[in-house]
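Q: only geometry, no sequence info:
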């Protein structure tokens, strides 16, 4: 005979996991893979766009509540937005999508 067992989440344990060294390694590895993919996908007119792609690590203060490990893939070249989203004179070349694909796909 089966018993009904109620699941009780361990919120403290989840919080510890979200700030753990293991999670930091996983997040940073994924962000670096994303940055590598964005660098490869960046248009090569001058090379400055690919060179500007890097990872910013927020440490354990990331997320909306500041309660988890966070890293961001960033391109800080002045023309990043124009290339990514296009302009009235230039078609979009969404190279940062490669970062998303690499992170979500694990490739």
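A: Ah, there it is. Since we're looking at a predicted model, the values are computed, not measured.
Q: ranges for the helices of the protein?
A: 11-18, 21-41, 48-52, 80-85, 97-105 (DSSP state H).
Q: those helices into JSON lines, with extra columns for mean neighbour count?
A: Bear in mind the C-beta positions are built from the backbone N, C-alpha and C, glycine included. As requested, the helices of the chain are exported to JSON lines (neighbours: other CB atoms under 10 Å):
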{"stretch": "helix 11-18", "mean neighbour count": "12"}
{"stretch": "helix 21-41", "mean neighbour count": "17"}
{"stretch": "helix 48-52", "mean neighbour count": "17"}
{"stretch": "helix 80-85", "mean neighbour count": "16"}
{"stretch": "helix 97-105", "mean neighbour count": "17"}
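Q: and the longest strand for this protein?
A: In the chain, taking DSSP state E as the definition, the longest strand is strand 53-62.
Q: got the contact list for the nearest residue to residue 15 once chain neighbours are set aside?
A: In this structure, residue 15 finds its nearest non-sequential neighbour in residue 67, 6.3 Å apart by CB to CB, 6 or more residues apart in numbering. Taking CB atoms under 8 Å, 6 or more residues apart in numbering, we find residue 67 in contact with 15, 18, 19.
Q: ok, now with 10 Å
A: 14, 15, 18, 19, 60, 61 (CB atoms under 10 Å, 6 or more residues apart in numbering).
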